[in-house]
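In: Below are the sequence and a predicted model; questions follow.
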Amino acid sequence: MKSKKLSDVIIKTFKGNGFVLLEPDVLLDSDYIIERSGEKFRSSIFTFKNEDGKTMCLRPDLTVASCISFLQKKASSKIYYSGQAYRRSNKKGSNFINNQLGIEILGSKNQIQDDFKVISTILNSLKKIKSEKIQIKVGDIGLFKSLVNALDMPERWRLRLIRHFWRPSYFEELLKRLEKNTDIDAVTFDDDKKRFYEMQKLDKGKIIAGRSVSEILKRFEKKIKDPRSFSDGKKIVKIIKSFLKINCKLSKLDEKLLDFAKKNDLNRNIFKDFKSIMNLKKLNQDINFIANFGRDIEYYTGIVFEVFSGKKEIARGGRYDDLLKSLGAKNKIPAVGAAINLKNI
């Protein structure tokens with residue numbers, strides 16, 4: 001009963017901010033989810049065979065399920081959902097059923113305005129049901145990409161670091177190899193070349209893992225032509241590690257980034273696209289920026305945030321501008337959203 005009352009209060013706030021109900025499907029095509037949303041979901045989803053022998057799964061994530069419904073049903077671009085997501089976890093005592101209430105702006109036309117709209121709506125909802133102090137952690141995957149693209153390194157390394165940023169353990173291994181100026185072994189490189197030539201025979205419009213064969217071939221071509229190693233790996237790694245240590249109050253972020261750029265002889269304008277985060281100052285809220293935060297979900301591309309009370313995470317979200325295209329949209333559809341975890345309230 002308590003949960004129902006809390007949900008009603010939250011949903012009223014969602015509606016009052018212009019969000020319309022969307023009810024995403026509970027059952028999804030398992031292969032479709034894994035192929036287009038990344039391998040992250042493979043070990044966590046609950047799968048079964050339907051009467052036709054097709055592998056289906058319970059929705060592991062309401063953002064992904066909502067995006068699929070949006071594309072299939074041509075729903076409103078400002079939606080909210082209320083329901084359960086089902087995901088396995090290695091954490092002892094964790095529940096595989098998560099009750100979630102969330103909002104999404106799909107087809108976001110104004111990044112700064114829409115990022116603020118999602119976060120402020122979530123905060124307003126929580127403040128109506130929580131008396132304890134609420135705090136926010138924010139990060140921005142886009143700032144890391146801006147840094148990497150500004151550093152003088154082979155394109156192959158640049159693409160690899162950005163692609164695997166969401167996998168902290170493997171990313172650390174990449175940094176160690178970069179620091180020693182060593183690239184992948186010759187066998188792996190030869191395998192890349194072999195796959196490249198094999199894929200040239202395929203239909204260029206065919207979709208594999210969310211990308212067309214044409215897109216994959218362009219990337220392979222860059223890999224093959226790019227230098228195998230370079231001499232400044234140690235310096236590059238030092239700069240990246242220094243950036244990932246930035247942890248400060250939002251009010252100090254612009255000062256921190258300018259100081260970081262100056263110390264590392266970087267153009268002070270490389271972080272010009274962090275206006276969305278700085279706009280959050282208007283919330284008049286306790287906000288911490290952590291450069292290393294928000295790397296555990298592959299599809300985030302920009303601002304990421306977590307709202308917590310005490311040690312409990314009560315809401316989480318971010319910007320994901322590439323997800324809808326990976327799920328089948330013909331063109332890139334910018335999006336931002338967040339979900340409230342009712343069990344922690």
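Out: That came in fine, so what should we check first? Numbers count the residues shown, from 1 in each chain.
In: Next one, pLDDT for the nearest residue to Ile246 once chain neighbours are set aside please.
Out: Distances taken as CB to CB, 6 or more residues apart in numbering put Ala291 closest to Ile246, at 4.2 Å, once the chain neighbours are dropped. For glycine as for every other residue, the C-beta is placed from the backbone atoms N, C-alpha and C. pLDDT, Ala291: 94.
In: same deal with Ile297?
Out: 77.
In: What of Arg228?
Out: Value for Arg228, per-residue pLDDT: 50.
In: repeat for Phe41
Out: Checking the pLDDT column for Phe41, the value is 65.
In: Correct me if wrong: Leu202 contacts Ser212.
Out: No. Here Leu202 does not reach Ser212: they are 10.0 Å apart, not a contact under CB atoms under 8 Å.
In: where does the stretch 151-300 of the chain dip in pLDDT?
Out: Along the stretch 151-300 of the chain, segments meeting pLDDT under 70 span 182-193, 209-210, 222-231.
In: What is the end-to-end distance of stretch 145-157?
Out: Stretch 145-157 has an end-to-end distance of 12 Å (CA to CA, to the nearest Å).
In: Longest helix in the chain, by number of residues?
Out: Looking across the chain with DSSP state H, the single longest helix is helix 111-127.
In: Check which helices and strands that helix is in contact with.
Out: helix 2-16, strand 97-106, helix 275-278, strand 303-309, strand 312-319, strand 335-341 (3 or more CB pairs under 8 Å, 6 or more residues apart in numbering; DSSP states H and E).
In: mind checking which of the ones you listed is nearest Ile34?
Out: Checking those against Ile34 by CB to CB gives strand 97-106 as the closest, at 19.5 Å.
In: any idea of the mean pLDDT in the closest one?
Out: Rounded mean pLDDT across strand 97-106 is 90.
In: mind listing the strands for this structure?
Out: Here the chain has its strands, by DSSP state E, at 20-21, 27-29, 47-49, 55-58, 78-86, 97-106, 135-140, 207-208, 211-212, 247-249, 287-290, 303-309, 312-319, 335-341.
In: Would you indicate which residues of the fifth one are buried?
Out: Taking 16 or more other CB atoms under 10 Å as the basis for neighbour counts, the residues of strand 78-86 that come out buried are 78-83, 85-86.
In: With the second one instead?
Out: With burial defined by 16+ other CB under 10 Å, the residues of strand 27-29 counted as buried are 28-29.
In: Over to stretch 330-345?
Out: Here stretch 330-345 shows 333-342, 345 as buried, counting by 16+ other CB under 10 Å.
In: how's the chain carved up into domains?
Out: 1-131+340-345, 154-244 (automatic domain parsing).
In: Any chance of the ones you listed in TSV with distance to Tyr320 as columns?
Out: Shown next, in TSV, are the domains of the chain (distance: least, CB to CB, whole Å):
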stretch	distance to Tyr320
domain 1-131+340-345	7
domain 154-244	12
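In: Among the buried residues of strand 78-86, give me the pair with the biggest separation.
Out: Lys78 and Tyr86 (25.6 Å).
In: re earlier: just say which of the domains of the chain is most tucked in.
Out: Highest mean neighbour count among the domains of the chain (mean count of other CB atoms under 10 Å): domain 1-131+340-345, with a mean of 17.
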